[in-house]
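K.L.:
the sequence and its predicted three-dimensional model are supplied below.
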Amino acid sequence: MRRKSYLHTTPSRWGPLLVATASSWWYMLHLGAISLVMAFSPTTYNKENRRATSRHLYIGLWQVLPWFTMLSALVSLVLIRIVVVSALSYGLSRYALEMVVRVLVLELIPLSAAMFVALRAGLAFNPRDALAVAVATADSKEAAARAQNRLRRELVPQVISSAFSVLALAMVSSIMVLVLAYLVVYGFSPWGLGDYTRTVGRVFDPLVTIGFGLKTVMFGLAVAVIPSAAMLEIQRRGRAPSTSVQPGAMRLLFVLFSIEAASLAVKYI
């Protein structure tokens, strides 16, 4: 049965719909907490799980890292050039580099990396039906143990891979953008290193650096957990997706933009 939205149902049904929505969000948070605990547990990293994690990292990160970095560098180069030329035309050249770092490195690169990983890996997550059945029917100690083992083998490697992929793509692309920004502003001359490091250091003060790292980690966790939880919830409840959109897509976008909005509010308000 399809779940109706608040706009397409009567007010008398808003209560059950609100309960169902809260239950869905709680299931997602609960699954994310379980995945994090298992990811930090030494017992998770046996030979089979290490092999599965390596396979996911190779497919989700290593295969796409070179051309994603090249694509982000190409787009960033165009944006950097536009910003620098515009700043020169208005006599604001001294603010061009700082604007590039604040907009591209701090905001756009982490968000684009998270959305890319979500489209490639997170939203394509499709666990086997046996895993969902095991999780849903874990009503005994034996069933719970089997469900826990399946989570370690099937879900945790995917979560680790997605989270680490967001971090790696964001960090590598940010370094590439910083190099390109220097080359566009100062060329190949080494005499701009002093001004460049002072400008970048002024942007990346301790609080901004901590916020940047925390935001990127939260992006990675959201991309890793939300699509997986949506697929498992659908299989656990035995119902079809309520829309033609990939399960968890709208919720993931909402969480990503909420994190970004909260980050902007903390830094600039």
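P.N.:
Noted; the coordinates are in hand.

K.L.:
what's the average pLDDT for the helix or strand where M38 lies?
P.N.:
Per DSSP states H and E: M38 is located in helix 14-39. Taken as a whole, helix 14-39 has a mean pLDDT of 79.

K.L.:
in it, what's buried?
P.N.:
S24, Y27, M28, L31, G32, I34, S35, L36, M38, A39 (16 or more other C-beta atoms under 10 Å). From N, CA and C alone the C-beta is placed, and that goes for glycine too.

K.L.:
now for it, which elements pack on it?
P.N.:
helix 156-186, helix 206-237 (3 or more C-beta pairs under 8 Å, 6 or more residues apart in numbering; DSSP states H and E).

K.L.:
dump those helices into CSV; add mean pLDDT as well.
P.N.:
As requested, the helices and strands packed on helix 14-39 are exported to CSV (pLDDT from 0 to 100):
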stretch, mean pLDDT
helix 156-186, 89
helix 206-237, 83
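
K.L.:
nearest to L108, of these?
P.N.:
Across the helices and strands packed on helix 14-39, the minimum distance to L108, taken as C-beta to C-beta, is reached by helix 156-186, at 9.0 Å.

K.L.:
now that closest one: how far from the chain's centre is it?
P.N.:
12 Å (C-alpha atoms, centre = their mean, to the nearest Å).

K.L.:
returning to that earlier point: quick one, the helix holding M38 and helix 156-186 angle?
P.N.:
90 degrees (axes from the mean of the first three to the mean of the last three C-alpha atoms, to 10 degrees).

K.L.:
would you mark the buried spots in the next helix or strand after helix 14-39?
P.N.:
Later in the chain than helix 14-39, the nearest helix or strand by DSSP H and E is helix 47-57. Going by neighbour count (16+ other C-beta under 10 Å), the buried part of helix 47-57 is N49, A52, T53, H56, L57.

K.L.:
check stretch 54-71 too.
P.N.:
H56, L57, G60, L61, V64, F68, T69.

K.L.:
now stretch 84-97
P.N.:
V84, A87, A96, L97.

K.L.:
was I right to think the first one contacts Y95?
P.N.:
When you say that, I think you mean V84. No - with contact defined as C-beta atoms under 8 Å, V84 does not count as touching Y95 (10.4 Å).

K.L.:
then stretch 70-79 to CSV, C-alphas only?
P.N.:
Coordinates of each C-alpha in stretch 70-79 appear next as CSV, following Å, rounded to 0.1, in the frame of the first residue of the first chain:
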residue,chain,number,x,y,z
MET,A,70,39.5,15.7,-13.3
LEU,A,71,35.8,16.7,-13.8
SER,A,72,35.7,18.7,-10.5
ALA,A,73,39.0,20.4,-11.5
LEU,A,74,37.6,21.4,-14.9
VAL,A,75,34.4,22.8,-13.5
SER,A,76,36.3,24.5,-10.6
LEU,A,77,38.8,26.0,-13.1
VAL,A,78,36.0,27.7,-15.0
LEU,A,79,34.4,29.0,-11.8
